[in-house]
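Undergrad: Model the following, please.
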Amino acid sequence: TLTQGHLAQHVLFHYFHQPGLGIRARSIFGVSARRYQRLRLSGRSPAEIAAAHGVSRARLAKRAMKRFRAIQLRGVALHATTRRQAARFLRRQRAGLSHWLDSHIRKPGFGKTRRHRRTHSLPRRALLCFLLRGHSDPRGESR
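TA: Below you'll find the model as predicted:
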């Protein structure tokens, strides 16, 4: 598991996997939280979603970092994390922000009707959430 960088990040850190952005999708992306989630699961990147709703990449980055900072401060205030650890986490989010803006989630079968959904289109051992386009897919084929 830990030899696969992105999977290791999921297991250990989840820098960008927090509901704080999705919950505030209207003010960050210009779209409802439900619509944001549907667009993400159908393969759209945060930057693509924002652009389609009139929010520039620079504005999105600023809004995301502002939200990450608010989440950091709340975590410290609730004693869920130390100020030092929260600051470290925020630095990692800032460093990965550009990558996150262009990241794609692809959930196989998402958006298809039940009648057309292929529940066994991937091997059982396949990872069903590939967050990074351009990396190997669950079948081991490079894209």
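Undergrad: Summarise which helices and strands the helix or strand hosting residue 76 is packed against.
TA: Per DSSP states H and E: residue 76 is located in helix 57-77. Helices and strands touching helix 57-77, as assessed by 3 or more Cβ pairs under 8 Å, 6 or more residues apart in numbering; DSSP states H and E, comprise helix 19-23, helix 25-29, helix 46-52, helix 83-101. Where you see a C-beta, it was placed from the backbone N, CA and C, and this is true even at glycine.
Undergrad: residues making contact with that helix?
TA: 18, 20-21, 24, 27-29, 46-47, 50-51, 55, 81-83, 86-87, 89-90, 93-94, 97-98, 100-101 (Cβ atoms under 8 Å, 6 or more residues apart in numbering).
Undergrad: try 6 Å this time
TA: With Cβ atoms under 6 Å, 6 or more residues apart in numbering as the test, helix 57-77 has contacts from 20-21, 28, 47, 50, 81, 83, 86, 90, 93, 97.
Undergrad: Put together a markdown table for these, with pLDDT on each row.
TA: Formatted as a markdown table, these follow (pLDDT from 0 to 100):
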| residue | pLDDT |
| --- | --- |
| 20 | 81 |
| 21 | 87 |
| 28 | 95 |
| 47 | 96 |
| 50 | 97 |
| 81 | 89 |
| 83 | 95 |
| 86 | 92 |
| 90 | 91 |
| 93 | 89 |
| 97 | 92 |
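Undergrad: Just the buried ones from these?
TA: 21, 28, 47, 50, 86, 90, 93, 97 (16 or more other Cβ atoms under 10 Å).
Undergrad: so the fourth one touches residue 29, yeah?
TA: Spelled out, it's residue 50. Yes: if you go by Cβ atoms under 6 Å, residue 50 and residue 29 touch, sitting 4.9 Å apart.
Undergrad: Thanks a lot, catch you later.
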